[in-house]
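>>> Next input, structure requested:
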Amino acid sequence: MKLNQFTAFSALALIATQGAFAQTVIHIVGSNGDRTATQTAISNILATGWTFRGVGGNATSANLSVATAANFGAWNGTYAGNPVVIKVSFSGALAGIAAIAGNTDQRFVVTNGTGTGSVPDPTTGTTLGTDYEISKADFGFSTNFQATSPFNGVYGGVTYNPVIEEIVGVSPLGFYASPGFPAASASITTQIAQLLYTNGSVPLALFTGNFTADANKIVYAIGRNTDAGQRYGALTEIGLGTTTTVREWKPTFSTAQTTTSGLTYGGVVGSQELWPAETVGGVYSPLGSGGYTTGALLAGILTTTLGPDAYQGKYYDADTATYQFLYPSATAGYYVGYVTPSDASNRILGGNGVVPAGSRGVALSYNGVPLTNSNVQNGSYTAWVYNRIIKPQSGLAGVQLTVANALRDRITNFDATSGGGLFNDANFKVKRTTDGGLVTPK
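Reported below is the predicted structural model:
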């Protein structure tokens, strides 16, 4: 063999070898309601020896909980013999729809899943290449139908194409109250929920029926922002739809919250204001209509107590240049919000023992029906949304496509129940065709 032929042959062999072991990077955008099941499924389809690095720190098979609790991070491992980095951004259901339907730029963590320590939240970082990187998402997960979102057709000058939606499970939504809310009256009705979220606050007496003792105890609404599927699931469920202007509050702490084992809880709210006007994911929210970016953040607020200025509704009146009170006679106050069981079980209800008893919130029944798996499955508890994988109509191929389908099948058949979800199987007796729509027998 001539030398130049040998050199050419060696070069081709080297290229082939490099190609066989080239690392594939996969980008996923999803909803908080899909986080636990998706992160669990990723850990199960990767070969042993994977690593994860995210906003909560590092994870291995010995401490998967760090990964399942992380909204942003990167996995490093091997799938079916292919070295892969899987970057995840659980920034919201509508963010997932927008990313896939519009093929829009998204923020992801910079790390490749190795290294030590936590990484910045890419959605709030300021320095490209250090705090975040920009990429298109390959596929995503959403707890909303595309038809529920504004990202269907032309919106904001961007054309959003139809996506492939495949149901992988069901996520119940629970309503929860902050510590001290009377457990004996722990139920919310559709009517009270509508009034609470349109007015921003209601007397506790509407929950308890005791206007003698509870008329001066005030319940305040908190919730999620316009990227969140849980927001639209909750608001459509209580009959407000997706475009109603709501009034939700943003607290400021006078006593800081505590973070233990990745869970943030407690603290005292010294003051609060209606959530400032904001634009998230191209959707504008007027004063009061915004909210928290993740269910984990919202759940942490449901472990706090309200100080007097907060529960009396102290605010600055620009007309009189004085401070006034919405409820000057108020004697106590509580927050009510909505999250999935995966965010509620440990953060609000203290299921793993990290959150102390004094900081634990209260689970509310909905229309008198408690949130249990059987009540969701038989249709008597109706606050729930579908989990679904969303893929572009074309262009998804190679390792990215096989990983997407592997995750779809893994979640559907095994991991949908991670974090409090349910299988959409024969035991699930009901269905709905739109978010917040009628629940009917299958």
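>>> Go ahead and confirm residue 287 touches residue 250.
No. Between residue 287 and residue 250 no contact is recorded; they are 10.6 Å apart, counting by C-beta atoms under 8 Å. (C-beta placed from N, C-alpha, C; glycine too.)
>>> Report the set of residues contacting both of those two.
With C-beta atoms under 8 Å, 6 or more residues apart in numbering applied, the overlap between the contact sets of residue 287 and residue 250 consists of 274-276.
>>> what about residue 403, which SS state?
Per DSSP: H, G, I helix; E, B strand; the rest coil, the local secondary structure of residue 403 is helix.
>>> how about it, what does it touch?
If a contact means C-beta under 8 Å, 6+ apart, then residue 403 has 26, 45, 79, 84, 86 as its contacts.
>>> For residue 169, see how far away residue 433 is.
Shown here: residue 433 relative to residue 169, a distance of 17 Å by C-beta to C-beta, to the nearest Å.
>>> out of these two, which sits in the busier spot?
Comparing residue 433 with residue 169 by neighbour count (other C-beta atoms under 10 Å), the higher total belongs to residue 169, at 25 against 9.
>>> Name all residues that make contact with that one.
Contacts of residue 169 by C-beta under 8 Å, 6+ apart are 37, 386-387, 411-412, 416-417, 421-424.
>>> Confirm residue 176 sits in a strand?
Yes. Remark: residue 176 belongs to a strand, assigned using three-state DSSP.
>>> how many other residues sit next to it?
For residue 176, the number of neighbouring residues by other C-beta under 10 Å comes to 27.
>>> thinking again about what came up before, can you list the shared contacts of residue 287 and residue 250 in CSV and add distance to residue 49 and pLDDT?
Output for the shared contacts of residue 287 and residue 250, formatted as CSV (distance: C-beta to C-beta, whole Å; pLDDT from 0 to 100):
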residue, distance to residue 49, pLDDT
274, 49, 97
275, 44, 97
276, 45, 96
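>>> Residue 183 touches residue 362, doesn't it?
Yes. Assessed by C-beta under 8 Å, residue 183 is found in contact with residue 362 at 5.6 Å.
>>> The two - which one has more neighbours?
Applying other C-beta under 10 Å to residue 183 and residue 362 shows that residue 362 carries more neighbours, namely 20 against 10.
>>> Can you show me the CA trace of stretch 152-161 as CSV?
Extracted as CSV, the C-alpha positions of stretch 152-161 are listed here (Å, rounded to 0.1, in the frame of the first residue of the first chain):
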residue,chain,number,x,y,z
ASN,A,152,-50.9,28.7,17.8
GLY,A,153,-50.7,30.5,14.5
VAL,A,154,-49.2,34.0,14.3
TYR,A,155,-48.6,35.6,17.7
GLY,A,156,-46.4,38.6,18.4
GLY,A,157,-45.1,38.6,14.8
VAL,A,158,-43.9,34.9,15.1
THR,A,159,-45.5,32.0,13.3
TYR,A,160,-46.1,29.1,15.6
ASN,A,161,-46.6,25.8,13.8
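>>> buried sites along that stretch?
By neighbour count with 16 or more other C-beta atoms under 10 Å, stretch 152-161 contains the buried residues 152, 155, 160.
>>> Can you tell me which of these end up in strands?
Within the buried residues of stretch 152-161, residues falling in strands by DSSP state E are 155, 160.
>>> From what I see, residue 232 and residue 93 are in contact.
Yes. The criterion here is C-beta under 8 Å, and residue 232 meets it with residue 93 at 7.4 Å.
>>> Looking only at neighbour counts, state which of the two leads.
Of the pair residue 232 and residue 93, residue 93 is the one with more neighbours under other C-beta under 10 Å, namely 35 against 26.
>>> wait, the more buried one sits on residue 145?
No. The pair residue 93 / residue 145 is not scored as a contact, 9.7 Å apart, by C-beta under 8 Å.
>>> Pick out whichever of residue 287 and residue 250 has more residues nearby.
When residue 287 and residue 250 are compared on other C-beta under 10 Å, the one with more neighbours turns out to be residue 250, at 17 against 13.
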